[in-house]
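[1] can you look at this prediction? I've put the sequence above it.
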Amino acid sequence: MVKNIAIDGPAGAGKSSIAKLVAEKLGIVYVDTGAMYRSMALSCLRSDIDPEDKTAVIGRISDVEIELKYENGAQHIFLDGKDVSSDIREEKVGKAASSVARYTEVREKLVALQRELAKKQSVIMDGRDIGTVVLPDASLKIFLTASAEVRAKRRYKELTEKGEACDLSEIEKDIIARDEQDMNRAVSPLKQAEDAILVDTSEMSIDQVVDRILELAHED
């Protein structure tokens, strides 16, 4: 029997890291929907298309091929046949992804792919609208969040450990701006599904969050 887990929440809440660990513990497939939107954004940036130019972005959709593949147990995302798993993690791509994700045509293309993956097998999927739009019938829905301050500090630590120069206050401003954009977009805004369980990770370790979700999954 296919049983799916939906994890939603704002940028920097730790959704991807947590979902990967839970998937491993449960022996199910992890689907990183954010990687799909980042891939679409990367395609636009590489084609010198402004993510704010709706007409140009929509015009690009039909020419873009996005695939998820699993190699050695890890998810890799391919854009037009090339592995872009690392390239999509750049900060500028993340910002652009929030812009292109607002457009109905972009979401329709990627949501169809996400639903198809969930029909075939049990998955844990994270994003902004998984429990409300993509997988409204998921057996377990989690809304994962943390304060903007905590999320900014986590992102700052992640970037500095990679050797990237960054400013903590600017990161926090960007996170707050992305929250505002994600929550107020016309199509599939970020919001907690009525039947989702809120998990605030501000004062929790990764292991504690994983254990909490596993506990909820076993209760289901």
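    Great, that's in hand.

[2] in this structure, which spans are helices?
    Listed in chain order, the helices of the chain (DSSP state H) span 15-26, 33-46, 54-61, 91-100, 104-120, 148-161, 168-184, 206-219.

[3] any idea which of these is most buried?
    helix 33-46 (a mean of 24; mean count of other Cβ atoms under 10 Å). The C-beta positions use only the backbone N, C-alpha and C, and glycine is treated the same way.

[4] export the helices of the chain to CSV and tack on mean pLDDT and distance to Lys3?
    As requested, those are arranged in CSV below (pLDDT from 0 to 100; distance: least, Cβ to Cβ, whole Å):
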stretch, mean pLDDT, distance to Lys3
helix 15-26, 92, 9
helix 33-46, 94, 18
helix 54-61, 94, 31
helix 91-100, 91, 28
helix 104-120, 90, 10
helix 148-161, 93, 29
helix 168-184, 91, 27
helix 206-219, 94, 8
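
[5] which residues touch the residue nearest the centre of the chain?
    By Cα atoms, centre = their mean, the chain has its centre lying nearest to Gly34, at 3.1 Å. Contact analysis of Gly34 by Cβ atoms under 8 Å, 6 or more residues apart in numbering lists 15-16, 97, 126-127.

[6] just give me the neighbour total for Leu144.
    24 (other Cβ atoms under 10 Å).

[7] also Lys191?
    Counted with other Cβ under 10 Å, Lys191 comes out at 16.

[8] one more: Asn4?
    24.

[9] likewise Ala146?
    Around Ala146 there are 22 residues (other Cβ under 10 Å).

[10] that one reaches Gly14, doesn't it?
    Yes - shown here, Ala146 and Gly14 form a contact pair, counting by Cβ atoms under 8 Å, at 7.1 Å.

[11] need the overlap of contacts for those two.
    154, 201.

[12] returning to that earlier point: out of the helices of the chain, flag the one nearest Ile142.
    helix 206-219 (6.0 Å; Cβ to Cβ).

[13] against which helices or strands is the closest one packed?
    strand 5-8, helix 15-26, strand 140-145, strand 197-200 (3 or more Cβ pairs under 8 Å, 6 or more residues apart in numbering; DSSP states H and E).

[14] pipe these into CSV and attach distance to Thr132 per row.
    Listed next are the helices and strands packed on helix 206-219 as CSV, based on distance: least, Cβ to Cβ, whole Å:
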stretch, distance to Thr132
strand 5-8, 7
helix 15-26, 15
strand 140-145, 9
strand 197-200, 14
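
[15] between the ones you listed, which one is closest to Val187.
    strand 5-8 (15.0 Å).

[16] partner strands of that closest one, parallel or antiparallel?
    strand 123-127 (parallel), strand 140-145 (parallel) (DSSP bridges).

[17] reformat those as TSV; add mean pLDDT and distance to Ala165.
    Shown next, in TSV, are the strands paired with strand 5-8 (pLDDT from 0 to 100; distance: least, Cβ to Cβ, whole Å):
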stretch	mean pLDDT	distance to Ala165
strand 123-127	92	28
strand 140-145	97	28
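
[18] indicate which one of those is closest to Ile66.
    With Cβ to Cβ as the yardstick, what comes closest out of the strands paired with strand 5-8 is strand 123-127 (14.3 Å).

[19] now do that closest one against helix 206-219, angle only.
    Counting by axes from the mean of the first three to the mean of the last three Cα atoms, to 10 degrees, strand 123-127 points 130 degrees away from the direction of helix 206-219.
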